[in-house]
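Peer 1: Structure for the following, please:
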Amino acid sequence: MAYDGTDFHGFQRQKNARSVQGALEEALSNTCDEAVSVVGAGRTDAGVHAAGQVIAFKVNWSHALPELHRALNVRLPGDVAVLDVAECDEAFHPRYSARSRVYEYTVTVNPVRHPLLRRYTWQIESDLNAVLMNEAAAVLVGEHDFAAFGTAPQGDVTMRKVLRADWQLIGPSERQSGSILRFTIEANAFLFRMVRHIVIALVQVGRKKLSAGDMRDILASRDSQRIKGIAPACGLSLVKVTY
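Peer 2: Sure, this is the predicted structure:
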């Protein structure tokens, strides 16, 4: 499934705030005429988007799956869509069965901000050195304790295995003359706000305020106070979950 996270207070169901899970469960319950609970592969934070979120649910449905697919998208709000529907084994769990997750973070570099880019990219005025950023990102690859970059959603285990972390120049923006940089990171799992803390640190490297060596020291320190600030949620998207 996919969603524009701008107007949601995150994926997880909340009593007094709009959530992706809440929108899905309401659409499913109305479609199937029964109470339905949804489990997601990732609990994205408020304002974070998804193009490859995976969910699972159990319903009594006697018609073809394409009919369920169409009915759900008719009932879902415009900022949420189910991209595909398939039967799965009852043992399947979107979160615990996942082998890895891929997030992308998009940055637009231009001295003049553009209102039409504000929902999906972090707009930065000054140039960034992508070569230095990639040198620092390489420090993250492998199995490390990422306590300096986030907190564990459950328990206190902060060890994670990063399979990929790199920046790519996507090209000039279609709406302005600046460049677009995209950070891709894949890991077996992520800590709470881990990607956004990593991005803010790497942007500091791109501004030559930190180095790859500093990044290595921050990682080893396990001290969350070493990271100042957090990258905006608007640039982040969950793009793929592998099983």
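Peer 1: pLDDT (mean, whole number) over stretch 92-106?
Peer 2: Stretch 92-106 carries an average pLDDT of 97.
Peer 1: which residues sit against it?
Peer 2: Applying Cβ atoms under 8 Å, 6 or more residues apart in numbering, the external contacts of stretch 92-106 come out as 39-42, 52, 54-56, 91, 120-122, 163-164, 170, 180-190, 195-196, 199, 231, 235-243. (C-beta placed from N, C-alpha, C; glycine too.)
Peer 1: same question, stretch 9-23
Peer 2: Under Cβ under 8 Å, 6+ apart, the answer for stretch 9-23 is 3, 5, 7-8, 25, 38, 40, 42-46, 48, 50, 53, 76-77, 80.
Peer 1: Got a quick ChimeraX command for the buried subset of the residues you listed?
Peer 2: Applying 16 or more other Cβ atoms under 10 Å to the contacts of stretch 9-23 leaves a buried subset, and the ChimeraX line that selects it is:
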select :3,5,8,25,38,40,42,43,44,45,46,48,50,53,76,80
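Peer 1: from the contacts of stretch 9-23, which ones fall inside strands?
Peer 2: 3, 40, 50, 80 (DSSP state E).
Peer 1: which among the residues you listed gets closest to residue 226?
Peer 2: residue 50 (29.0 Å; Cβ to Cβ).
Peer 1: Worst mean pLDDT across the helices and strands of the chain, which element?
Peer 2: strand 159-172 (a mean of 93; mean pLDDT, DSSP states H and E).
Peer 1: from the middle of its chain, how far away would it be?
Peer 2: Distance of strand 159-172 from the chain centroid (Cα atoms, centre = their mean, to the nearest Å) equals 13 Å.
Peer 1: which residues sit against it?
Peer 2: 100, 102, 106, 130, 133-134, 137-138, 140-146, 178-191, 194, 198, 202.
Peer 1: How many neighbouring residues does residue 21 have?
Peer 2: 19 (other Cβ atoms under 10 Å).
Peer 1: Give me the three-state assignment for the most far-flung residue of the chain relative to its centre.
Peer 2: Within the chain, residue 62 marks the point farthest from the mean C-alpha position, 34.0 Å out by Cα atoms, centre = their mean. Recorded secondary structure, residue 62: coil (DSSP: H, G, I helix; E, B strand; the rest coil).
Peer 1: What's the local residue count around residue 153?
Peer 2: There are 12 residues near residue 153, going by other Cβ under 10 Å.
Peer 1: ok, what's across the strand from the residue lying closest to it once chain neighbours are set aside?
Peer 2: Excluding the flanking residues, the one nearest residue 153 by Cβ to Cβ, 6 or more residues apart in numbering is residue 192, at 5.3 Å. When bridges are called by DSSP bridges, residue 192 pairs up with residue 151.
Peer 1: hang on, the earlier thing: so which of the ones in strands among the contacts of stretch 9-23 is the closest to residue 217?
Peer 2: Nearest member of those to residue 217, counting by Cβ to Cβ, is residue 50, at 32.8 Å.
Peer 1: Tell me how far residue 35 lies from residue 28.
Peer 2: 9 Å (Cβ to Cβ, to the nearest Å).
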